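Enquirer: next comes the sequence, and after it the predicted model I'd like to discuss.
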Amino acid sequence: MDILEKITEDIKEAMRAKDAFRRDTLRLLRSEMLMPDADEPVVVLRRAQKMRRESAEQYREGGREDLAEQAEKEMAIIESYLPPSLSEEEARQAIEAIARELGLSEKKDMGKLMQAVMAKHQGTIDGKLASKIASSILG
């Protein structure tokens, strides 16, 4: 069962359980995935996760703990559908392997390496972490 099918089934379960918060969060995710120009489901989920994380931080800065908690609850629901992220050490090993495979060793090859990493590990490696690791490898 793919992510979209799982979310659709879980919407039905949330409706049966009268869990309006979960139902509404999942409906929003599903609608984002069904848009004509939507990315892969994992990319949509990662983007939604990042948005909730940033929102929670901004709400806390503004003194709105209630909204920050709501954003974090939504983020927890989203994370339950994401594949596990690679640890920093696993990411480093994967990026080093790609760099060796492609024969990239100079700073000017950063774009090529990042493109290859994100194509192969989309959704499992955070872009900022990948950039930091790639920079240290090529630096």
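Expert: In hand now; what should we look at? Owing to the predicted nature of the structure, the values given are computational and were not obtained by experimental measurement. Numbering: from 1, shown residues only.

Enquirer: who's in contact with the most centrally placed residue in the chain?
Expert: The chain has residue 46 as the residue nearest its centroid, 2.0 Å off, counting by CA atoms, centre = their mean. Counting by CB atoms under 8 Å, 6 or more residues apart in numbering, residue 46 touches 82, 123. (C-beta placed from N, C-alpha, C; glycine too.)

Enquirer: list the buried residues of the helix or strand that contains it.
Expert: Assigning secondary structure by DSSP states H and E places residue 46 in helix 41-61. Of all the residues in helix 41-61, those buried under the rule 16 or more other CB atoms under 10 Å are 41, 44, 45, 46, 48, 49, 52, 55, 56, 59.

Enquirer: what do you get for stretch 12-20?
Expert: Per 16+ other CB under 10 Å, stretch 12-20 contains these buried residues: residue 14.

Enquirer: quick one: average confidence on that stretch?
Expert: For stretch 12-20, mean pLDDT is 98.

Enquirer: please save the CA atoms from it in PDB.
Expert: The C-alpha coordinates for stretch 12-20 follow below in PDB (Å, rounded to 0.1, in the frame of the first residue of the first chain):
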ATOM      1  CA  LYS A  12     -11.700   6.800   7.100                       C
ATOM      2  CA  GLU A  13     -10.500   5.400  10.400                       C
ATOM      3  CA  ALA A  14     -10.300   8.900  11.900                       C
ATOM      4  CA  MET A  15     -13.800   9.600  10.700                       C
ATOM      5  CA  ARG A  16     -15.100   6.400  12.400                       C
ATOM      6  CA  ALA A  17     -13.200   7.300  15.600                       C
ATOM      7  CA  LYS A  18     -14.500  10.900  15.400                       C
ATOM      8  CA  ASP A  19     -10.900  12.200  15.600                       C
ATOM      9  CA  ALA A  20     -11.500  15.500  13.800                       C
END
